[in-house]
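> How does the following fold in three dimensions:
(2 chains)
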Amino acid sequence: MIAGPIHWLLDPLQYDFMWRALVAVVVMGAVTGTIGTWVVLRGLSFMGDALAHAIFPGIVVAFLLGQSILLGALAFGILTSVAIALLAANRRVTEDTAIGVLFAGTFALGVVLISTSRNFTRDLASFLFGNVLGVTAGDLWTAVIVGGVVLTLIALFYKELLITSFDRGGALAIGLPVVWLDLLLFVLISLTIVVSLNAVGNILVVAMLVTPAATARLLTDRLPAMLALSAGIGATSGLIGLMVSYHADVAAGGTIVLVATAVFGLVWLLAPTHGLISSRLVRHRAAIRARRDTAVGLESHGEDR
Amino acid sequence: MSSSADVAAPNPGLVIRDLAVAFRHRVVLDGVSADIRPGQVVGIVGPNGGGKSTLLLAILGLVPIVRGSVTLFGRPSSTLRARIAHVPQRELVNWEFPATVRDVVLMGRYPHLAWPRRFGRHDRDVVDGILDRIGLRSLQSVQVGQLSGGQQQRVFLARALAQEADVLLLDEPMTGIDAATREVMLTIIEEQRQAGRIVLLVTHDLAAVSCTCDCLCCVNARMVSYGPVHETYTEANLTATYGGPVIVLSGANQPASAPGREPG
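The predicted structure is shown next:
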């Protein structure tokens, strides 16, 4: 390994495939971080995981037919979102049950379908775990355009997403189409997952939807700051993870997720106000102050006598 | 304080006619009728689960109406949601959400902004004025979960006022708040009355009802009574509503701002 962080960062970039990989993971990190903020604030981690699995058969069908993977994934993402909403309308099926039933079922369909492919194992592995070094220029364009669409829609619907996440009843009361906004969010999550397939694959994408946003939430109490931090943490995790995986010669997708997880762990311990250590310190200091005040109170009480 | 409750209505404001409301396929509220004119404050009382909040939701068109109608200025009220502001119960909101006091009060301006417009100068001015009025200006950058219960209730009131609606629906705004916030609530309600708005106040605070409301609506699965406070704020009525003995405070124990409003 060559000494110096500059070399460590720049040397891999002498290869074109590393440039493409770099752009792919940074775009993926920024988009998953942004949409992930809404996933985390809405408590939709399980839904995100479910959508990632549910669009799998869509990808496989499109792949086997030689059609656009994006369209296949989108179709299954929308179908699954609607199906979850319909199933959960039955009061004996809770939403998490509906999600549990559908994501396992649709994922199984994907596995069965891809087992008809000649290169079954290799294709399955690249869908499930990503293949960032094999990103083509066409994949990159798709990722950049789809990512741009997702970010634009989030900006356009910012107000509406904000109130439906904070106060659903209030959103209904002012006449917002809350169900359609939910569906919009699910579609955006599905699109984001498709953008992430090359970088981290189908299984690990939920980590990129949840972990950077959860990290950002520990660092700020403001939504715009949380969106920016989450996107930044996602993109940086992608960059560092890719480089580490290159130098250590290990799988890129897994390394990216490990970096994001490590960042979360550090922030959870060290964050200025919401971190474990600082919140313990605050409590400790308050306890010391209370003890001292009690002691002073007792003393002055004694003097009064 | 206006006391025109028994003058015939020339131009009705909020008119409820023989309303029955279902919640989860069960009729939970039945037989509600009321003519509420601009400038009237109506107290809604009754036991928990008696349909008070449901009545407010029915006015917003958020629960299915199985019979009867609710109209505002002659049109179905559910089509005029932008002109109806709702202060929900505090428990129904995600307080951990990273929104500041100002963010939440700005939400009151949403009905005035067609998608995807952003807030303009006028919206910010309205919100600034209300933050000053309610005493939240110094807290405007605080995340809402860090406020006390009374402060949170004030934020919701401020959001409803920012909507500049014709009808204000308040769902138990007096629950779990400090004396100062209660005073703010009562003052604001009085101001809304002066401004010709309609206020519906769901509460267990019978003292507040007797001194601020023009009319009283007693509900317990059905409407027990509706009418001017001086006729309906009686021990017999409240006992019938709550299904048990209720201590009705006599005039001497009531706030000084309620002259001539002794029950019975």
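> Find the centremost residue of the chain, please.
Looking at chain A here, since you left the chain open. Central residue of chain A (Cα atoms, centre = their mean): A:L209, 0.7 Å from the mean position.
> that answer is for a different chain, and I need it for chain B
Centroid check for chain B by Cα atoms, centre = their mean gives B:L170 as the closest residue, at 2.5 Å.
> Give me the contacts around whichever strand or helix holds it.
Using DSSP states H and E, B:L170 maps to strand B:167-171. Identification of contacts with strand B:167-171 by Cβ atoms under 8 Å, 6 or more residues apart in numbering or on different chains yields B:13-14, B:52-53, B:56, B:59-60, B:72, B:77, B:83-89, B:157, B:160-161, B:185, B:189, B:192, B:197-203. To be clear about C-beta, it is placed using only N, CA and C from the backbone, and glycine gets the same treatment.
> ok, now with 6 Å
Outside strand B:167-171, the residues within contact range by Cβ atoms under 6 Å, 6 or more residues apart in numbering or on different chains are B:53, B:56, B:84-89, B:160, B:192, B:197-202.
> Of all pairs in these, which one spans the longest distance?
B:Q89 and B:R197 (20.9 Å; Cβ to Cβ).
> Could you pick out which of the contacts of strand B:167-171 are also in contact with chain A?
Contacts with chain A within those, as defined by Cβ under 6 Å from any Cβ of the partner chain: B:86, B:88.
> quick one: least confident of the contacts of strand B:167-171?
On pLDDT alone, B:Q89 ranks lowest of the contacts of strand B:167-171, at 83.
> show me where the stretch 1-150 of chain A has helices.
A:5-10, A:16-42, A:45-54, A:56-65, A:69-88, A:95-114, A:120-129, A:137-156 (DSSP state H, counting those that start in this stretch).
> The strand or helix carrying A:A225: which residues count as buried?
A:A225 is part of helix A:223-248, with elements assigned from DSSP H and E. Within helix A:223-248, the residues that count as buried by 16 or more other Cβ atoms under 10 Å in any protein chain shown are A:223, A:226-231, A:233-246.
> and what of stretch B:185-196?
Neighbour-count burial for stretch B:185-196 [16+ other Cβ under 10 Å]: B:185-186, B:188-189, B:192-193.
> Closest one to A:P272 out of those, please.
Ranked by distance to A:P272 (Cβ to Cβ), the buried residues of stretch B:185-196 are led by B:M185 at 36.1 Å.
> Run a quick check on the closest one versus B:I177, I expect a contact.
No: the pair B:M185 / B:I177 is not scored as a contact, 7.5 Å apart, by Cβ atoms under 6 Å.
> So which residues on the stretch 101-250 of chain B come close to chain A?
Residues of the stretch 101-250 of chain B lying near chain A (Cβ under 6 Å from any Cβ): B:107, B:110-111, B:116, B:143.
> Now a PyMOL select for only the buried ones of the residues you listed.
In PyMOL syntax, the buried subset of these is picked out as below (16+ other Cβ under 10 Å):
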select buried, chain B and resi 107+110+111+143
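> And the residues of the stretch 101-250 of chain B next to chain A, which two are furthest apart?
B:P116 and B:Q143 (25.3 Å).
> what about the helices in the stretch 201-305 of chain A?
A:223-248, A:252-270, A:276-304.
> so can I have JSON lines of the ones you listed showing mean pLDDT?
What follows is the helices of the stretch 201-305 of chain A, written out as JSON lines (pLDDT from 0 to 100):
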{"stretch": "helix A:223-248", "mean pLDDT": "96"}
{"stretch": "helix A:252-270", "mean pLDDT": "95"}
{"stretch": "helix A:276-304", "mean pLDDT": "72"}
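> Can you identify the element that follows the longest helix along chain B toward the C-terminus?
Ranked by residue count under DSSP state H, the longest helix found in chain B is helix B:179-194. Sequence order places strand B:198-202 as the next helix or strand after helix B:179-194, per DSSP H and E.
> What pairs with that next one, parallel or antiparallel?
Strand pairing for strand B:198-202, determined by DSSP bridges: strand B:41-45 (parallel), strand B:167-171 (parallel).
> Is B:V27 part of a helix or strand, or is it coil?
Put simply, B:V27 is strand when judged by DSSP: H, G, I helix; E, B strand; the rest coil.
> Give me the pLDDT for it.
Predicted confidence (pLDDT) for B:V27: 89.
> Not counting its neighbours along the chain, what's nearest it?
B:A20 (5.6 Å; Cβ to Cβ, 6 or more residues apart in numbering or on different chains).
> In the host helix or strand of the one you found, which residues are buried?
Assigned by DSSP H and E, B:A20 belongs to strand B:14-23. Residues B:14-16, B:19-22 are the ones in strand B:14-23 that count as buried (16+ other Cβ under 10 Å).
> from those, which single one is nearest chain A?
Lowest distance from chain A to the buried residues of strand B:14-23 (Cβ to the nearest Cβ) belongs to B:A22, with 14.5 Å.
> how about that closest one, what does it touch?
B:64, B:66.
> Which strand residues bridge it?
B:V27.
> Just the angle for the strand holding B:A20 relative to strand B:198-202, thanks.
If you take axes from the mean of the first three to the mean of the last three Cα atoms, to 10 degrees, strand B:14-23 sits at 30 degrees to strand B:198-202.
> give me the low-pLDDT residue ranges for the stretch 151-264 of chain B?
Low-confidence segments of the stretch 151-264 of chain B, defined by pLDDT under 70: B:247-264.
> What is the neighbour count of residue 33?
All of this is about chain A. Residues lying near A:G33 (other Cβ atoms under 10 Å in any protein chain shown) number 31.
> try chain B instead
Applying other Cβ under 10 Å, we find 13 residues neighbouring B:S33.
> Look up how far chain B lies from A:D167.
Distance, A:D167 to chain B, using Cβ to the nearest Cβ, to the nearest Å: 5 Å.
> Contact partners for that residue?
Going by Cβ under 6 Å, 6+ apart, A:D167 touches B:V93.
> before we move on, back to that, and the buried residues of helix A:223-248 near chain B, which?
A:223, A:226.
> Include distance to B:N237 when you put the strands paired with strand B:198-202 into TSV, please.
What follows is the strands paired with strand B:198-202, written out as TSV (distance: least, Cβ to Cβ, whole Å):
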stretch	distance to B:N237
strand B:41-45	9
strand B:167-171	21
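> Now do the helices in chain B.
All helices of chain B, identified by DSSP H, fall at B:52-60, B:101-107, B:121-134, B:149-162, B:179-194, B:206-212, B:229-232, B:235-242.
> Out of those helices, which gets nearest to A:V257?
Among the helices of chain B, the nearest to A:V257 by Cβ to Cβ is helix B:101-107 (31.9 Å).
> what pLDDT, on average, does the closest one get?
Mean pLDDT, helix B:101-107: 95.
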